[in-house]
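Asks: Need a 3D model of the sequence below.
(chains A and B)
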Amino acid sequence: MAKENTEKEKSINTPSVQYSADTIVDAADLAAKQRKLSYQIKRNKESYLMMFPYFLLFFFFTILPVAMSMFLSFTNFNMLEWPTFVGWRNYIKLFLEDDIFIVALKNTLIFAVITGPISYMLCLLFAWIINEFKGVLRAFLTLIFYAPSICGNAYLVWNLILSGDRYGYLNGILLKLGIINEAKLWMQTEKYVLPVLIIVQLWLSLGTGFLSFIAGLQTVDKSLYEAAALDGVKNRWQELWYVTLPAMKPQLMFGAVMQITQSFAVADISINLAGNPSVNYAGATIVTHLLDYGSTRFEMGYASAIATVLFLLMVGTNKLVQKILGRVGE
Amino acid sequence: MAKEKLQKTEIPKKIERPKKKLFKKRAKQLNRSVAGNTLLFAIMIICGLFMVLPLVMIINNALKPLDELYQFPPKIFVRNPTLENFSDLFVLMNDSWVPFSRYILNTIIITGGGMVGHVIVASLAAYPLAKNKFPGKDILFSMVVLSMMFSWTVTQIPQYLIISWLHINNNYLALILPAFSFGMGLYLMKQFMEQLPDSLMESARLDGANEWIIFWKIVMPNVKPAWLTLAIFQFQQMWGNTGSLFLRDEQLKPLQFALQQITAGGIARAGAAAAVTFIIAAVPITFFLICQSNVLETMTTSGMKD
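Replies: Below you'll find the model as predicted:
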């Protein structure tokens, strides 16, 4: 078992060594490097053994499917016939001919730019406030704020609130207060769809990141706070910036990645509240577009191309965000 | 004089006691103002009311008699609470083709297996990635992080092909094994393990402990908040899985599937459906509360160990 794994490691690492060997380094040097590499692999035998079960399964159930999808993005695949290779055609169609994709891309970017940072801040803020409480009260508060995420499709509550007749809660309240004269069709009016979806998404934002921040705040070394107080940290806000945040940087990084995957992949709330397709595609996002092609039209090649573009978008954003987070507490 | 002084010192102590329960001792002593505490309290109450809405609605709906469920305009709070919905649900459960206990067993195997297995397998892989240096480390880790950004909708079909190729289709393993290798758990555990001071492991190595013992006896107890949180995420994930893509036999399907079949029964079953919604939410909430209160308990010990 260990051998298989170490061989996998080698195959990942050897190419870079060979390239340099071709150009500058002579054969003896290469042999020395290989010896060093195999020595390092042997020395860390236990590490590879510990990772083996995870990465074996990860290879079969994640790496392989992702690689296959990326390959499919260059084909025409309707799930019945064998895929036929079409080169870059899917991507060209996506950017040059598919008007709805451009709308979806725009909506997704607006969505991500607004909900991403705000959700992230909210997660941090509420996790930090809850951390001030203790005991049962604390667990209870955590439950209350995590409730929208734990109750499955809790956002369906919003269907009642946003109902288009005067019995919808929002219309009812606004009519009573005299702000509007007639009931508004919230989810059927183009200009309201995206703002409403953004609000619902913000309401749902205390999820994965929130809980990991709560756990992260637990592991901050308590003696740091005493030391900081001696060093002249005066209030809780300074304490947050100079002590707490730098100490939980790993969790901040994790939260950022989770936030990116959530903000860019918004689809469920759009489909359930605004429908798919929504009015004049006002609520279309990249993933609703992908679902349209993948599970309604069975054009898996095209859907895979959309997924690949989305993937590259997220990877780029992640690079940027990690750079910004590197500056926390400076 | 002496008596007066004693009394004076006793009075503030009495006032302080309830506060000590609400706020941590540290929080009171260092850098905390009363005005700040009040402000935070106010924010929490206003936002909390807004967030708890779905929970309130689910509980109230489960207790509503049928006529109130269809009342128009709908009301949030129940007027004549009844347990009829639950008794209806139990009648439906008894009529089930496959005994309901079988569905419950399936759920325990799938949810429990997927959760425990993932926490162990992902933590095992996370420890060397966080604390040891070896060739290939960066590539492996970045593959895991990047994999989370690829939309699962399109990987589902290749995954289905692989599962049938491995001949674990129509088997619990088709749900459990992919769950072992989710990316999030490894990432979460690695980030928490990174925070542990190296001295902790060094001293154990000097005492002759090998990597496995260090992992089990030193690393895992010190990142208890992390794996309890991961257990919550994974429980939710597995609990919500109906398994309809991979499991064909009725005898293998989880509770979630059976309960959703009941909700699909239309208007006549609206009451039972409300009870189902309640149960579907109540189980992960119970699990959540157990885990969260344990996250708290570690607080008192984790500070001392370092």
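
Asks: Quick check: A:Val193 vs chain B, distance?
Replies: Taking Cβ to the nearest Cβ, to the nearest Å as the measure, A:Val193 and chain B are separated by 21 Å. From N, CA and C alone the C-beta is placed, and that goes for glycine too.

Asks: ok, now A:Leu211?
Replies: For A:Leu211, the distance to chain B under the criterion Cβ to the nearest Cβ works out to 5 Å.

Asks: quick one: contacts for that residue?
Replies: A:Leu211 makes contacts with A:142, A:146, B:229, B:232-233, as judged by Cβ atoms under 8 Å, 6 or more residues apart in numbering or on different chains.

Asks: could I get those as TSV with distance to B:Gly266 and secondary structure?
Replies: Below are the contacts of A:Leu211 laid out as TSV (distance: Cβ to Cβ, whole Å; DSSP: H, G, I helix; E, B strand; the rest coil):
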residue	distance to B:Gly266	secondary structure
A:Thr142	37	helix
A:Tyr146	32	helix
B:Thr229	39	helix
B:Ile232	34	helix
B:Phe233	34	helix
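
Asks: just curious, which of the residues you listed is nearest to B:Pro54?
Replies: The shortest separation between B:Pro54 and any of the contacts of A:Leu211 is 11.2 Å, and it belongs to A:Tyr146 (by Cβ to Cβ).

Asks: For burial, what's the neighbour tally of that closest one?
Replies: The burial count assigned to A:Tyr146 is 23, neighbours taken as other Cβ atoms under 10 Å in any protein chain shown.

Asks: Could you do B:Trp212 as well?
Replies: 13.

Asks: Can you name the helix or strand that it falls in?
Replies: helix B:211-213 (DSSP states H and E).

Asks: so how far is that helix from its chain's centroid?
Replies: Between the centre of helix B:211-213 and the centre of its chain there are 27 Å (Cα atoms, centre = their mean, to the nearest Å).

Asks: Can you name every helix or strand that the very next helix or strand once past that helix contacts?
Replies: Using DSSP H and E, the helix or strand that follows helix B:211-213 in sequence is helix B:220-222. Taking 3 or more Cβ pairs under 8 Å, 6 or more residues apart in numbering or on different chains; DSSP states H and E as contact, there are no helices or strands that helix B:220-222 lies on.

Asks: Contacts for the one helix or strand B:Asn37 maps to, please.
Replies: Secondary structure here is read from DSSP H and E; on that basis B:Asn37 sits in helix B:34-51. Contact partners of helix B:34-51, identified using Cβ under 8 Å, 6+ apart, comprise A:126, A:129-130, A:132, A:141, A:144-145, A:147-148, A:203, A:206, A:235-236, B:23.

Asks: Quick one: residues contacting the residue nearest the centre of chain B.
Replies: For chain B, the residue sitting closest to the mean C-alpha position, by Cα atoms, centre = their mean, is B:Ile232 at 1.7 Å. B:Ile232 makes contact with A:211, B:284, B:287-288, B:291-292 under the criterion Cβ under 8 Å, 6+ apart.

Asks: Which of the residues you listed has the largest number of neighbours?
Replies: Going by other Cβ under 10 Å, A:Leu211 tops those with 29 neighbours.

Asks: What mean pLDDT does the helix or strand hosting A:Val309 get?
Replies: Assigning secondary structure by DSSP H and E places A:Val309 in helix A:300-325. For helix A:300-325, mean pLDDT is 90.

Asks: buried residues in that helix?
Replies: Of the residues in helix A:300-325, A:300-311, A:313-314, A:317-318, A:321 count as buried by neighbour count, 16 or more other Cβ atoms under 10 Å in any protein chain shown.

Asks: Does it reach chain B?
Replies: Yes. Counting by Cβ under 8 Å from any Cβ of the partner chain, chain B is contacted by helix A:300-325 at A:300, A:303-304, A:307, A:310-311, A:314-315, A:318.

Asks: part of a strand, is B:Lys75?
Replies: No. The assignment for B:Lys75 is coil, going by DSSP: H, G, I helix; E, B strand; the rest coil, so no strand is present there.

Asks: who are the neighbours in contact with the nearest residue to it once chain neighbours are set aside?
Replies: In space, B:Lys75 comes closest to B:Glu68 once its chain neighbours are excluded; the distance is 7.3 Å by Cβ to Cβ, 6 or more residues apart in numbering or on different chains. With contacts taken as Cβ under 8 Å, 6+ apart, B:Glu68 has the following neighbours: B:75, B:78-80.
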